[in-house]
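Participant: one predicted model, sequence on top.
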Amino acid sequence: MTLRLATWNINSVRLRIDQVARFVRERAPDVLLLQEIKCTTDQFPRAAFEAMGLPHVRVAGQKGWHGVAIASRLPIADNTTLEVCKLGHARCVSARVAGVDIQNFYIPAGGDVPDRALNPKFDHKMDFYERLTAEIAKRDRHAPLVLAGDFNIAPGENDVWNHRYMSKIVSHTPIEVETLNRLQDAGGFADVLRDRFPEPQKLASWWSYRAADFRKSNRGLRLDHIWTSPGLTPAVVKDTARIHDDVREWERPSDHAPVTVDLDV
């Protein structure tokens, strides 16, 4: 069975429910991971997802901010969510679908100053990564696991529009890149997008709303990721990982584009 997994920072699921429905109709994900849903759990539009053919839902909502959800065509089994946010924000939700452990994250952005002592938001981001890395290090690498979502770090030189400039900006500073690499190494994860599109190809999944034409300004960052554990990476269907950057052109879009990959489970 082929399982199409999609991750998307939707930037308000209720505001953009029509875009979600269009994406599901046109791209046919079997499991959709959403971040920044910006609603409480009881406000999540479950009926709309049932109408899309994604009736199985797990939601971790929060009033006004954050919030994550998983919607699936296939039944969802409960599993252990990696709760590593020291402030208790709704930043992770998990599910087991077709035997695959799926952990969906909205990792803190970190504010503007890349200094833990001066910026509590940046300290929170680093603490989140440290806790998550410690949890991942305890897990069996051979178990089928997906880590996905908005990681708020663009790791490679070609995951940002300008490496030299962005190395001073939160999301691509050396300490963040090193921290993300430690997490990846802790679980032996494959980065499915980079495996399909090796360096030096430029990749981006986020573009600021400040630019009237995001393609013309071309100042994107690859903040959205799908990683697979060694026990799952052989199931990745060759040449299926992609960023749906055309979705960023839709009316009233999220500033993030969806990312998908197919798994042969």
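Facilitator: Here it is on my side, so go on.

Participant: CA atoms of the worst-scoring helix or strand of the chain on mean pLDDT as CSV?
Facilitator: Least confident element among the helices and strands of the chain, by mean pLDDT, DSSP states H and E: helix 214-217 (a mean of 94). The C-alpha trace of helix 214-217 is given here as CSV (Å, rounded to 0.1, in the frame of the first residue of the first chain):
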residue,chain,number,x,y,z
PHE,A,214,7.3,35.7,-3.8
ARG,A,215,8.8,34.2,-6.9
LYS,A,216,10.2,37.5,-8.1
SER,A,217,11.8,38.4,-4.7
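
Participant: pull the residues that contact it.
Facilitator: Helix 214-217 has contacts (CB atoms under 8 Å, 6 or more residues apart in numbering) with 207-208, 211, 220, 248-249. From N, CA and C alone the C-beta is placed, and that goes for glycine too.

Participant: out of the residues you listed, list just those in strands.
Facilitator: Among these, DSSP state E puts none in strands.

Participant: return the closest of the residues you listed with respect to Arg116.
Facilitator: Comparing the contacts of helix 214-217 against Arg116 with CB to CB picks out Ser208 as the nearest, at 25.1 Å.

Participant: correct me, but that closest one touches Ser254?
Facilitator: No. With contact defined as CB atoms under 8 Å, Ser208 does not reach Ser254; the gap is 12.0 Å.

Participant: which of these two has more neighbours?
Facilitator: Neighbours around Ser208 and Ser254, counted as other CB atoms under 10 Å, are more numerous at Ser254. The numbers are 24 against 11.

Participant: so the more buried one, which of the three states?
Facilitator: Assigned by DSSP: H, G, I helix; E, B strand; the rest coil, the conformation of Ser254 is coil.

Participant: SS state for the nearest residue in space to it that is not next to it in sequence?
Facilitator: Leaving aside its chain neighbours, Ser254 sits nearest to Asn11 (4.2 Å; criterion: CB to CB, 6 or more residues apart in numbering). Under the three-state scheme (three-state DSSP), Asn11 adopts coil.

Participant: could you do Val146 as well?
Facilitator: Quick answer, by three-state DSSP: Val146 is strand.

Participant: who's it bridged to?
Facilitator: With DSSP bridges applied, the residues forming beta bridges to Val146 are Ile102, Thr228.

Participant: for the stretch 1-150 of the chain, which segments count as strands?
Facilitator: Listed in chain order, the strands of the stretch 1-150 of the chain (DSSP state E, counting those that start in this stretch) span 2-9, 31-35, 56-60, 68-72, 92-97, 100-106, 145-150.

Participant: and those, which is most packed in?
Facilitator: By mean neighbour count, with neighbours taken as mean count of other CB atoms under 10 Å, strand 31-35 ranks first of the strands of the stretch 1-150 of the chain at a mean of 29.

Participant: tell me the strands beside that strand, with direction?
Facilitator: Here strand 31-35 is paired, per DSSP bridges, with strand 2-9 (parallel), strand 68-72 (antiparallel).

Participant: roughly how far out does the longest one sit from the chain middle?
Facilitator: Yep, that's strand 2-9 we're talking about. The chain centre lies 10 Å from the centre of strand 2-9; the measure is CA atoms, centre = their mean, to the nearest Å.
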